[in-house]
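Visitor: just the structure for this:
(one chain, ligands or ions: 1)
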Amino acid sequence: MALLEGARERRVRTGGVELCVAELGDPGRPTVVLVHGYPDSKEVWSRVAARLAERFHVVLYDVRGHGRSSAPTPLRGGFTLEKLTDDFLAVIDAVSPDAPVHLVGHDWGSVQSWEFVTVARTEGRVASFTSMSGPSLDHFGHWLNRRLRRPTPRHVGQLLGQGARSWYVYLLHTPALPERAWRGPLGARWPRFLQRVEKVPGGAYPTSSLPTDAAHGTWLYRDNVRPRLRSPRPDAHAHAPVQLITPQGDAFLSERLYDDLDAWVPHLVRRTVPARHWLPLTRPDQVAAWIDAFVTSVDAGRPAARPTGAYGERFGGQLVLVTGAGSGIGRATALAFAEAGARVVVVDRDAEAAARTAALARPLGAPEVWAETVDVSDEQAMERLAEKVRTAYGVVDVLVNNAGIGLAGPFLDTTAQDWRHVLDVNLWGVLHGCRLFGRQMAARGQGGHIVNTASAAAFQPSRLLPAYSTSKAAVLMLSECLRAELAEQGIGVSAICPGLVNTNIASTTRFTGVDAEEEKRRRRRSVRLYELRAYPPEKVADAILRAVVRNEAVVPVTPEAHVSRLLARFTPGILRAIARRTPPL
Ligand code: NAD
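Guide: Numbers count the residues shown, from 1 in each chain. From the prediction side, this is the model:
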C-alpha cells in the first residue's frame, strides 16, 4: 500500500523548524486539515485522506519533530501548545490563506487541535473541528479538579478508571527511558502491537521514522501535561462547532472524560463507534463519512445537526439493511434505525409494503432511505441485491435478517413442500444475508454487526410448531457459530428471540393438515391471541438496537421468552412436559 499516493508536498518554515506538508484533492474545495497523534506521522491519515480527497482539499502535516518535519532545538520547551499553534497557523496561512479550514485531530493531534479551536488568535480561521481520542488538556484539568474537589463514589470510580488508562503518561515523564525504549525493543515491537492488539491492518504503516517520532513526541507530554492539568485555562470554550468521535474500546481514554463537554462547546455533535484507539487506520470509511457529513452540514450553515433518537450517537450515518421490513418487527426496526439517523435499506418481497416503510422512515431523520423488493429465499435475487447495495450505497454496517413466515401444524401433517418453504425463507433467507453481506463486511475489514431474528420458539420444543421452531433453532445456532467466527474481525452477531408480538404474522401463518375453512378459523383464533397479548413490535426494535450497541449474543424479548430461556437452560424437562401436554390446535 503506497501511503498518501499522489500527494503534493511543500515545506513550511516557522519558529525555527521546517514542516513537511502534503496536499490532496482540489485546492478550490473546502480545506480539511488532518493532524496526527503520538507516536504517529501524517501517514496515519492515509486511508481517511484518500477517501476525503474526492470531495475536499485535504492537507496533512508532520508535527514538528515527527516524520519529515525537523525538530526544534533544544527539544525541551520546543513542543508547547503555543508553539504547536504557531505551526498550525503557518500551515493554514500557506494552504488556505483566505478561507477557514475544517480541522480534524486524532490522539495528540486532537489534544493540540483543542488548543487551536479554543484560543483567541485562531478565531475565524477554524470552521469546524472533528476530535478523536484526544481531549483538551484544559477540559481534562477542570474534569480532574471537579472530581478531586467532590470525591463522591462515582467521581472516585471515574478518576480510577482514567488513572489506570494513563499509565503510559507517567512513564513518558521519566527522563531518557522512553527514548531508549522506542529506539530499541519498543520501536521494533510496535508494528506487531498495532496489528495484534489494536487490529490495525498490516502494511506500510508505521513508517520508518517511528522510533524518532516517538522519542521526540515524549516532549509533547513533558512540555504540556503537568502544567495544563495543574492550572487549566479558565476560558477554554470552542469557537467553532465540534464533532466528537469516541471509540468505545479505547484502551487509553475513558468515555467519561467527555461527560462535561457540552459546557465548553456550544455546537457539539457526539458519535460513538465500537472500535479501539487507532480509528483513522481501522475505521477509515466511517471516519471519512462522519467528517464529510459534518463539514458539509457546517458549510451549509446547519452546524449542530445533532443525531436524533436514543441511539443517534451510535448509528448516525451508518448503513443499515433490514429484511422483512414491510411489516411488523422489520418495519419497526427500520423506523428505529431511521430515527437514530442511519441510512436505511428497506427490503421486503412485498414492494408496496417496502415503499410504505421507506415513506414512513424518511421524515424521521434518516439521511437516505431506499426500498428494495426481494424474496430472501431466492439465492440469485439476494446476490443481485448484495451487489447493488455494495456498489450503489456501500458496505452495510448493520444487517438485520428479519424476514420470516409462520407455519403451524403437527409434524406428521407437514409435507416436504411445507418444510422446504419454511426453511427456504426462515433459514436460507438468513443464510443468504449472512453469507453475502457478512462477506462484504469481513472483506472491508472495518467491523459491523449482524442481527438475526430467531424466536423464543428456538429454545422451546413444540408439537404445534415443529417446522417453524426447527427453522428458528437453526437460526439461533447459526448466529452463535457466526459470532464465534466473526468476532476477530470486529463483527458482532446477535440472535433476537421474541415471544408473542402483535404483528401480521398470525394472519399469514399457514396451518397444515386442515381444510381451508378450518385454517381460517385457526388463523382467526391466533390473531385474537396475538391481539390480546398486545406486545408491540416497537419494543422488539428497541431490543435490536440495544443488542447492536451492547453486542449481545442472544436476546430474549417479552417475559414469556425470558421464562422459556431460563427453563430451557436449567429445567428443560419442564418445557418438554409442557410441549407434550399442549392440546392440538
Ligand atoms: P410480519 O408478517 O408482520 O412481517 C414479516 C415481513 O416479512 C412481511 O412484510 C413479509 O412480506 C416479509 N417477508 C416474508 N417472507 C419474505 C421473503 N421470502 N422475502 C422477503 N420478505 C419476506 O411478521 P413479524 O412478526 O414482524 O416477523 C418478523 C420476524 O420475527 C420473523 O422472522 C418471525 O418469524 C419473527 N418472530 C415473530 C414473532 C411474533 O410473535 N410476531 C415472534 C418471534 C419471532
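Visitor: ends of stretch 253-264, what's the gap?
Guide: End-to-end span of stretch 253-264 (CA to CA, to the nearest Å): 19 Å.
Visitor: for the stretch 251-400 of the chain, which residues are neighbours of the ligand?
Guide: Applying CB under 6 Å from any ligand atom, one finds that the stretch 251-400 of the chain approaches the ligand through 323-324, 326-330, 348-350, 353, 375-377. Quick note: C-beta positions are derived from backbone N, CA and C, even for glycine.
Visitor: out of these, who has the most neighbours?
Guide: Counting neighbours by other CB atoms under 10 Å, Thr323 comes out on top of these with 33 neighbours.
Visitor: excluding chain neighbours, what is closest to that one?
Guide: If you skip the residues right next to it in sequence, Thr323 has Ala403 as its closest partner in space, 4.1 Å away by CB to CB, 6 or more residues apart in numbering.
Visitor: tell me who's in contact with the one you found.
Guide: Counting by CB atoms under 8 Å, 6 or more residues apart in numbering, Ala403 touches 323-324, 330, 347-349, 376, 425, 429.
Visitor: helix or strand with the lowest mean pLDDT in the chain?
Guide: Lowest by mean pLDDT, DSSP states H and E among the helices and strands of the chain is helix 167-172, with a mean of 75.
Visitor: mind giving me the packing neighbours of that one?
Guide: Identification of packing neighbours for helix 167-172 by 3 or more CB pairs under 8 Å, 6 or more residues apart in numbering; DSSP states H and E yields helix 177-183, helix 210-230.
Visitor: from Phe437, how far off is the residue nearest to Thr323?
Guide: Ala403 sits at a distance of 13 Å from Phe437 (criterion: CB to CB, to the nearest Å).
Visitor: check Leu3 too.
Guide: 30 Å.
Visitor: more crowded one of these two?
Guide: More crowded of Leu3 and Phe437, by other CB under 10 Å: Phe437, with 24 against 20.
Visitor: for the helix or strand hosting that one, which residues meet the burial criterion?
Guide: When secondary structure is defined using DSSP states H and E, the element that contains Phe437 is helix 429-444. Under the neighbour-count criterion of 16 or more other CB atoms under 10 Å, helix 429-444 has 429-434, 436-438, 440-442, 444 buried.
Visitor: how about these in a markdown table, adding pLDDT and distance to the ligand?
Guide: Rendered in a markdown table, the data for those read as follows (pLDDT from 0 to 100; distance: CB to the nearest ligand atom, whole Å):
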| residue | pLDDT | distance to the ligand |
| --- | --- | --- |
| Gly429 | 98 | 6 |
| Val430 | 98 | 8 |
| Leu431 | 98 | 13 |
| His432 | 98 | 10 |
| Gly433 | 98 | 10 |
| Cys434 | 98 | 14 |
| Leu436 | 98 | 14 |
| Phe437 | 98 | 14 |
| Gly438 | 97 | 18 |
| Gln440 | 97 | 19 |
| Met441 | 97 | 21 |
| Ala442 | 96 | 24 |
| Arg444 | 94 | 25 |
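Visitor: out of the helices and strands packed on helix 167-172, which is closest to the ligand?
Guide: Closest to the ligand of these is helix 210-230 (CB to the nearest ligand atom; 50.3 Å).
Visitor: elements contacting the closest one?
Guide: On the basis of 3+ CB pairs under 8 Å, 6+ apart, helix 210-230 makes packing contacts with helix 108-118, helix 137-149, helix 167-172, helix 177-183, helix 185-196.
Visitor: now do 7 Å
Guide: Helices and strands in packing contact with helix 210-230 are listed as helix 137-149, helix 167-172, helix 177-183, helix 185-196; criterion 3 or more CB pairs under 7 Å, 6 or more residues apart in numbering; DSSP states H and E.
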